[in-house]
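[1] Sequence below, structure please.
(2 chains)
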Amino acid sequence: MHDLSYFRGNLDAIAARLATRGYELDVEAFRALDAERRAALTESETLKAQRNTESGEIAKLKKAGQDTADQQAKVRAIGDRIAALEEATKAADARFYEVLAGVPNVPHESVPVGASADDNVEVHQHGTIPTFDFSPQNHWDIGPALGILDFERAAKITGARFAVYMGLGAKLERALINFMLDTHTREHGYTEVFPPVVVNSASLYGTGQLPKFAADLFKLEGTDYYLAPTAEVPVTNLHRDETLEADLLPISYCAFTSCFRSEAGAYGRDVRGIIRQHQFQKVELVKFARPDQSHEQLELLTSHAESILDRLKLPFRRVLLCTGDMGFSSAKTYDLEVWLPGQSAFKEISSCSNFESFQARRAAIRCKSGKKTEPAHTLNGSGLAVGRTWVAIIENYQQKDGSVVVPEVLRPYLQAEVITARGTLR
RNA sequence: GGAGAGGUGGCUGAGUGGUCGAAAGCAGCGGUUUGCUAAACCGUCGUACUUCGCAAGAGGUACCGGGGGUUCGAAUCCCCCCCUCUCCGCCA
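    Numbers count the residues shown, from 1 in each chain, chains lettered A, B, ... in the order given. Below is the predicted model:
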């Protein structure tokens, strides 16, 4: 959500910048809608002021023991006019905010202009892309062959886009979760949070998934509850409707949760394997920052996510998303892409964004220093997507004999140095 | 699931139809004074939208869990919903 007075005051400049991300803001229509809403507000508020004054007069007259029947009839008439106007006022207001809530965030000045993912800018590449003296397999072949990943049974239990991890496959998932949480809490200063994964509509509105993206969510029938699509939702909403002391910022949280996405509109994409699932696990990093520090915090947060890939010795690159490829609420986003030998391609494994005040304004997250209170800045990023990290390890560490070597930093967690078909039932 | 109590400003907590956006205390902010790891005193102190204004600021409307209703007028009365607490039941 944009700041209304700022938005109104800089409409043309904002519209021009929004156009670079493919959003056409109809400036004239917006101005007309704004004027209509304000005219309706002014009219009904004037009448309300009149009613309040006259009601006060009635109170005085009554106290003086006078008859007030005439005045009451008069004020009742005002009340009727207000009631008649109210519907139009509410409608104008609703139309206006529907439009405003549908306007995406304005890209930060450092974001390159572009139309699609093709125009994203690679910031740097890290690690060495492995070479194999055999034809590297996809994880959806390696996993079932090792008995650590089972799609058929998952389809039986639930349906498509679900998976069962077995044996060392399940342990690897758990090892990754612990490794990531330990690293972020012990070395990067994050406070661990274990939130509900069932969230209400107010929280989803606060972080921007609603009202626009309801189709991407699983809703619990007969309730106002949804399965959270990312820990960003519960963790950012920890401080919804709160005013934070500026001195305490930045606040840094990390959280492990399962995430649930309906993946409507993703039919045919990543259908094989566990790259795109209805349920997946993620360790999320969330920061609340002062406006003056949020962009340096984005660099920091992104480097924290990178350090996980670095320690796992997985080759990756950092990409700065162009205006046309950013998410709705973001002002600036870095994607981290890990190398997958099975696909011979880099695949997104983390998305780190600074939302500036866009979420904070919706969610009423403020920061206060002295007398000044303003919206805080919120940031988040995956640190990392656990399932995709699992895939990256299986594919990058695969051996000619079909086994998978365990990355050194994970060995204490996994209590194993290699995953073989024979060893997976432990 | 059953029974009861309750949801008021950053916090504690008054207020049961009109002068209440809301007493008082605490915290915060500004200041005075004394002077020593602080006290006393004075002032100030919610949010959103909106009107006027270059601005400083001044005015208006709304908000006392959420939504409806009654009334000239609602924090206060009525209805529905949500949440918290206590007891009972059940239970990982």
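
[2] chain center to stretch A:332-348: distance?
    Here stretch A:332-348 is found 19 Å from its chain centre; the criterion is Cα atoms, centre = their mean, to the nearest Å.

[3] Extract the C-alpha set from that stretch and format it as PDB.
    Taking Å, rounded to 0.1, in the frame of the first residue of the first chain, the C-alpha atoms of stretch A:332-348 are listed here in PDB:
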ATOM      1  CA  LYS A 332      14.200  -4.400  -4.700                       C
ATOM      2  CA  THR A 333      14.800  -8.100  -5.000                       C
ATOM      3  CA  TYR A 334      17.900 -10.300  -5.300                       C
ATOM      4  CA  ASP A 335      17.400 -13.900  -6.400                       C
ATOM      5  CA  LEU A 336      19.900 -16.600  -5.500                       C
ATOM      6  CA  GLU A 337      20.100 -19.300  -8.100                       C
ATOM      7  CA  VAL A 338      21.800 -22.600  -7.500                       C
ATOM      8  CA  TRP A 339      23.400 -24.800 -10.200                       C
ATOM      9  CA  LEU A 340      21.500 -28.000 -10.900                       C
ATOM     10  CA  PRO A 341      23.600 -30.400 -13.000                       C
ATOM     11  CA  GLY A 342      20.500 -32.500 -13.900                       C
ATOM     12  CA  GLN A 343      19.000 -29.500 -15.700                       C
ATOM     13  CA  SER A 344      22.300 -27.900 -16.600                       C
ATOM     14  CA  ALA A 345      20.800 -24.600 -15.400                       C
ATOM     15  CA  PHE A 346      20.700 -22.200 -12.500                       C
ATOM     16  CA  LYS A 347      17.400 -22.500 -10.500                       C
ATOM     17  CA  GLU A 348      16.000 -20.100  -8.000                       C
END
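
[4] For chain A, give me the ranges with low pLDDT.
    Low-confidence segments of chain A (pLDDT under 70): A:423-426.

[5] hmm, try it at 50
    A:426 (pLDDT under 50).

[6] from the stretch 301-426 of chain A, which residue is nearest to RNA strand B?
    A:Thr373 (4.6 Å; Cβ to the nearest atom of the strand). Glycine gets a C-beta too; all of them are placed from N, C-alpha and C.

[7] Which residues are in contact with that residue?
    A:Thr243, A:Arg366, A:Cys367 (Cβ atoms under 8 Å, 6 or more residues apart in numbering).

[8] Helix, strand, or coil at the residue of the stretch 201-350 of chain A found nearest RNA strand B?
    Of all residues in the stretch 201-350 of chain A, A:Thr243 sits closest to RNA strand B, at 6.1 Å by Cβ to the nearest atom of the strand. Secondary structure assignment for A:Thr243 (DSSP: H, G, I helix; E, B strand; the rest coil): strand.

[9] Quick check: closest non-adjacent residue to it.
    Among residues not flanking A:Thr243 along the chain, A:Arg366 sits closest, at 4.5 Å (Cβ to Cβ, 6 or more residues apart in numbering).

[10] Check which helix or strand the one you found maps to.
    For A:Arg366, the host element (DSSP states H and E) is strand A:365-369.

[11] Give me the neighbour count for the residue nearest to A:Thr243.
    Burial measure for A:Arg366: 19 neighbouring residues, criterion other Cβ atoms under 10 Å.

[12] wait, doesn't it sit right on A:Ala360?
    Yes. Look at A:Arg366 against A:Ala360 with Cβ atoms under 8 Å: they come within range, at 7.2 Å.

[13] Name the residues contacting each of these two.
    Joint contacts of A:Arg366 and A:Ala360 (Cβ under 8 Å, 6+ apart) are A:Pro375, A:Ala376.

[14] near RNA strand B, which residues of the stretch 251-400 of chain A show up?
    A:Ala364, A:Gly370, A:Lys371, A:Thr373 (Cβ under 7 Å from any atom of the strand).

[15] Need the max-distance pair from those.
    Spatially, the most separated pair among these is A:Ala364 and A:Gly370, at 19.8 Å (Cβ to Cβ).

[16] more neighbours, these two?
    Higher neighbour count among A:Ala364 and A:Gly370: A:Ala364, with 14 against 6, using other Cβ under 10 Å.

[17] picking up where we left off before, what about the residue of the stretch 201-350 of chain A closest to RNA strand B, how many neighbours?
    Neighbours of A:Thr243 (other Cβ under 10 Å): 13.

[18] how close does it sit to A:Glu374?
    10 Å (Cβ to Cβ, to the nearest Å).

[19] intersection of neighbour lists for these two?
    Shared contacts of A:Thr243 and A:Glu374, defined by Cβ under 8 Å, 6+ apart, comprise A:Arg366, A:Cys367.

[20] quick revisit: the residue of the stretch 201-350 of chain A closest to RNA strand B: what's it in contact with?
    A:Thr243 neighbours (Cβ under 8 Å, 6+ apart): A:Arg366, A:Cys367, A:Lys368, A:Thr373.

[21] For the stretch 251-400 of chain A, which segments count as helices?
    Along the stretch 251-400 of chain A, counting by DSSP state H, counting those that start in this stretch, helices occupy A:294-311, A:358-363, A:386-396.

[22] Now these in a markdown table, please, with extra columns for mean neighbour count.
    Below are the helices of the stretch 251-400 of chain A laid out as a markdown table (neighbours: other Cβ atoms under 10 Å):
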| stretch | mean neighbour count |
| --- | --- |
| helix A:294-311 | 20 |
| helix A:358-363 | 24 |
| helix A:386-396 | 25 |
